Structure formats: structure tokens, C-alpha cells
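> Make a model of this:
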Amino acid sequence: MSFMAGLKEKAIQGKDGAERMAKSTKLKGEVMLLQQKITTIKKDFGKEVYAAMVAGDRAKTEALFLGTKSQVEALEAQIAQKNQQIEELKVPGAAVPSGSGVVGYVPPPPGPPPSQPQLPSGWKKATTPEGKEYYYHETTGETSWSVPVS
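Numbers count the residues shown, from 1 in each chain. Model prediction:
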């Protein structure tokens with residue numbers, strides 16, 4: 001892998017990690033809001049059911065309970081869904097491409113490396129400090145910028 005390809009791969013990994021962290025943080029905030037909403041619903045239920053119980057209105061007490069239970073269960077289902085999404089985002093490559101709407105997206109792997117030419121016997125490939133590739137013969141010391149032929 002060339003130096004630039006390595007940098008590009010690191011940049012892609014960094015972007016993926018940042019996207020996963022941002023999405024996870026957003027989902028965690030949404031979970032906290034849903035939990036606060038459940039707490040508020042339960043507090044309101046307590047006030048309302050108390051009045052119904054003092055009045056001895058069993059039907060109203062039961063209706064309040066069933067309505068509150070339904071609301072809480074719906075919010076808990078949303079929390080479970082968001083927690084599942086948070087878990088999926090822990091996997092590298094699981095960040096969703098912008099606008100795709102698909103959770104758990106894993107990008108395809110990079111293409112195969114270019115095929116390497118078969119070098120004649122005694123020849124080796126090397127790279128200059130500037131990154132340019134060249135070829136040299138181990139025995140004769142001959143060098144070439146192009147791939148040597150037999």
C-alpha cells in the first residue's frame with residue numbers, strides 16, 4: 001500500500017469513527033429525553049390516579065393505569081430500538097453514509113492491488129526517498145526507471 005493510499009485509508013477510518021461517535025451521541029441524547037418523558041408520565045399518573053383512588057373510582061383508576069402503561073411501553077420500545085442502533089454503531093464501518101437512512105452500513109473493501117509485473121532474475125524493485133519507483137539488478141548494479149525485460 002502506498003503512503004498516500006495509507007493516508008487515505010486512515011482518513012476514511014477517522015471519518016467513519018467520527019460519524020459513528022456523532023450518531024451514537026445523538027442517539028444517547030434521544031434515549032435520555034425518552035427516559036425523562038417516561039419519568040414525567042409516571043409522575044403525572046401518580047397525581048391523577050391518587051385523585052381517582054380517593055374518589056373510589058376504580059374504572060378511572062384502571063383506565064389511567066392502562067393508558068400510562070401503554071405510553072410507557074411505547075417509549076421503552078423506542079429506547080430499545082435506539083440502544084440497538086447504538087450497539088450497531090460500535091462496529092467500525094457501521095457509520096451510515098450521509099442521507100442513506102440505513103443503519104449498519106458497511107462500505108465495500110478497496111479494490112484489489114494492481115498486479116505486480118514479474119521481474120527477471122536478479123532484479124529488485126526499490127523506491128527513492130521522493131517515492132518514485134525504480135528497479136536495480138543485485139549483481140550488476142544496473143538500474144532502470146521502467147520494468148526490465150528478460
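> list the helices and strands the host helix or strand of Ser24 packs on?
Following DSSP states H and E, one finds Ser24 within helix 3-54. For helix 3-54, the elements it packs on are helix 58-88, judged by 3 or more CB pairs under 8 Å, 6 or more residues apart in numbering; DSSP states H and E. The C-beta positions use only the backbone N, C-alpha and C, and glycine is treated the same way.
> Helix 3-54 and the helix it packs on, what's the angle between them?
170 degrees (axes from the mean of the first three to the mean of the last three CA atoms, to 10 degrees).
> Helix 58-88: which residues count as buried?
The neighbour-count check on helix 58-88 (16 or more other CB atoms under 10 Å) flags Thr61, Leu64, Thr68, Gln71, Val72, Leu75, Ile79, Lys82, Gln85, Ile86, Glu88 as buried.
> Among those, give me the pair with the biggest separation.
Thr61 and Glu88 (40.9 Å; CB to CB).
> Mind listing what's buried along stretch 6-21?
Asp16, Glu19, Arg20.
> Can you verify Ala126 is assigned to a helix?
No - counting by DSSP: H, G, I helix; E, B strand; the rest coil, Ala126 is not part of a helix but strand.
> And the pLDDT for it?
Looking at Ala126, its pLDDT stands at 88.
> Would you enumerate the residues in contact with it?
Ala126 makes contacts with Glu133, Tyr134, Tyr135, Tyr136, as judged by CB atoms under 8 Å, 6 or more residues apart in numbering.
> If we use 6 Å, what do you get?
Each residue near Ala126 by CB atoms under 6 Å, 6 or more residues apart in numbering is listed here: Tyr134.
> Can I get the buried residues of helix 58-88 in a markdown table including pLDDT and distance to Ser121?
Below are the buried residues of helix 58-88 laid out as a markdown table (pLDDT from 0 to 100; distance: CB to CB, whole Å):
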| residue | pLDDT | distance to Ser121 |
| --- | --- | --- |
| Thr61 | 90 | 93 |
| Leu64 | 90 | 89 |
| Thr68 | 92 | 83 |
| Gln71 | 93 | 79 |
| Val72 | 92 | 77 |
| Leu75 | 93 | 73 |
| Ile79 | 94 | 67 |
| Lys82 | 92 | 62 |
| Gln85 | 90 | 57 |
| Ile86 | 90 | 57 |
| Glu88 | 88 | 52 |
